[in-house]
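> can't give you the sequence, but here's the structure:
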């Protein structure tokens, strides 16, 4: 029975992956993502249901539009499969099965809603080099609901508040100091990135937020060295690192607790 559950989770993930492609394309262009039917970006023909089945449609249509025969970018099917795998790995990480409680399923659902933000912000930042503010607001609302959900069950949320505030204040202060010293208009860290870090911190708590930032910085440094680039879309890599943290939560939680306890001792000293 658990196999059937995991198959359904994977399929749900691919459906979300299809939505991510649409959202990443439309949101920066301020196009409707809920009421306007999907269409081919080459011939503008409205797509039918058979054209929109995740993974299957791409394979069935041999990677081409059914109407104009224009080649469909392979990133669509790759994103759908990747999204399905991420959803599946998160379920494995949280040990979700048929005997899981309602609480565990609600917790999983809220995490999936948060992952929606990670995918969309990461995709838009990679394509447009911007942090989409509307999606950021959505992520903040999901984070509030997530924290309240756990607080109602008597779980501590102090580290979530610290995660949402502390590093953001530090980065804003560093930005202000460097701006005054260097006398440049361009800030070392974009305001959108700072807000994104704050939302991730509010959802994760301070310890896991720090781990996400460290992993993202490592990936950015690696990409810049290997590709010899002067900059990289930090939001994109922060999305990847945050997904890694969620998937590896059982292994990273002890490290997170050490970071949290150290910060609390420092604040209370």
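Sure, I can see it. Note that the structure is predicted; figures quoted are calculated from it, not measured. Numbers count the residues shown, from 1 in each chain.
> for the one helix or strand residue 113 maps to, packing partners?
Using DSSP states H and E, residue 113 sits in helix 102-128. With contacts taken as 3 or more Cβ pairs under 8 Å, 6 or more residues apart in numbering; DSSP states H and E, helix 102-128 sits against helix 2-26, helix 75-93, helix 133-152, helix 191-204, helix 234-247. The C-beta positions use only the backbone N, C-alpha and C, and glycine is treated the same way.
> other residues contacting the last one?
Counting contacts by Cβ atoms under 8 Å, 6 or more residues apart in numbering, the residues outside helix 234-247 that touch it are 86, 89-90, 93, 111, 115, 118-119, 121-123, 125-126, 131, 189-190, 192-193, 196-197, 200, 204, 208, 211-216, 219-220, 223, 252.
> do the third one as well
Taking contacts as Cβ under 8 Å, 6+ apart, the residues outside helix 133-152 that touch it are 23, 27, 106-107, 110-111, 113-114, 116-117, 120-121, 124, 157, 160, 164, 192, 195-196, 199, 202-203.
> write the PyMOL selection for whichever of the contacts of helix 234-247 are buried.
In PyMOL, selecting the buried portion of those, with burial taken from 16 or more other Cβ atoms under 10 Å, looks like this:
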select buried, resi 86+89+90+93+111+115+118+119+121+122+123+125+126+131+190+192+193+196+197+200+204+208+211+212+213+215+216+219+220+223+252
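> could you tell me which of the contacts of helix 133-152 count as buried?
23, 27, 107, 110-111, 113-114, 116-117, 120-121, 124, 160, 164, 192, 195-196, 199, 202-203.
> thought residue 96 was touching residue 107, still the case?
No - using Cβ atoms under 8 Å, residue 107 is not in contact with residue 96, being 9.2 Å away.
> quick one: low-confidence residue ranges for the chain.
Residues of the chain meeting the criterion pLDDT under 70: 1, 182-188, 263-269.
> thinking again about what came up before, now do the helix holding residue 113 against helix 133-152, angle only.
For helix 102-128 against helix 133-152, the angle by axes from the mean of the first three to the mean of the last three Cα atoms, to 10 degrees is 160 degrees.
> and the angle for helix 102-128 with helix 2-26?
30 degrees.
> now the helix or strand that residue 173 is a member of against helix 191-204, angle please.
Using DSSP H and E, the secondary-structure element containing residue 173 is helix 158-182. With the same axes, to 10 degrees applied, the angle from helix 158-182 to helix 191-204 works out at 160 degrees.
> ends of stretch 201-208, how far apart?
This stretch, stretch 201-208, spans 8 Å end to end (Cα to Cα, to the nearest Å).
> one more: stretch 67-76?
18 Å.
> that older thread, distance to residue 64 added to the helices and strands packed on helix 102-128, as CSV?
CSV is the format used below for the helices and strands packed on helix 102-128 (distance: least, Cβ to Cβ, whole Å):
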stretch, distance to residue 64
helix 2-26, 16
helix 75-93, 12
helix 133-152, 30
helix 191-204, 36
helix 234-247, 28
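> go through these and name the closest to residue 39.
Ranking the helices and strands packed on helix 102-128 by proximity to residue 39 (Cβ to Cβ) places helix 2-26 first, at 10.2 Å.
> buried stuff in that closest one?
Using 16+ other Cβ under 10 Å as the test for burial, helix 2-26 gives 6, 9-10, 12-25.
> can you name every helix or strand that that helix contacts?
helix 75-93, helix 102-128.
> tell me which residue is most central in this structure.
In the chain, the centroid-proximal residue (Cα atoms, centre = their mean) is residue 118; its distance is 1.1 Å.
> show me what contacts it?
Per Cβ under 8 Å, 6+ apart, neighbours of residue 118: 239, 242, 243.
> now rank the residues you listed by neighbours and give me the top one.
Taking other Cβ atoms under 10 Å as the neighbour criterion, residue 242 ranks highest of these with 29 neighbours.
> leaving out sequence neighbours, find the closest residue to it.
With Cβ to Cβ, 6 or more residues apart in numbering as the criterion, residue 242 has its nearest non-adjacent residue at 4.8 Å, and that residue is residue 212.
> mind giving me the domain split of the protein?
Domain ranges of the chain: 1-97, 101-269, per automatic domain parsing.
> quick one: residue 170 from residue 195, how far?
Using Cβ to Cβ, to the nearest Å, residue 170 is found at 14 Å from residue 195.
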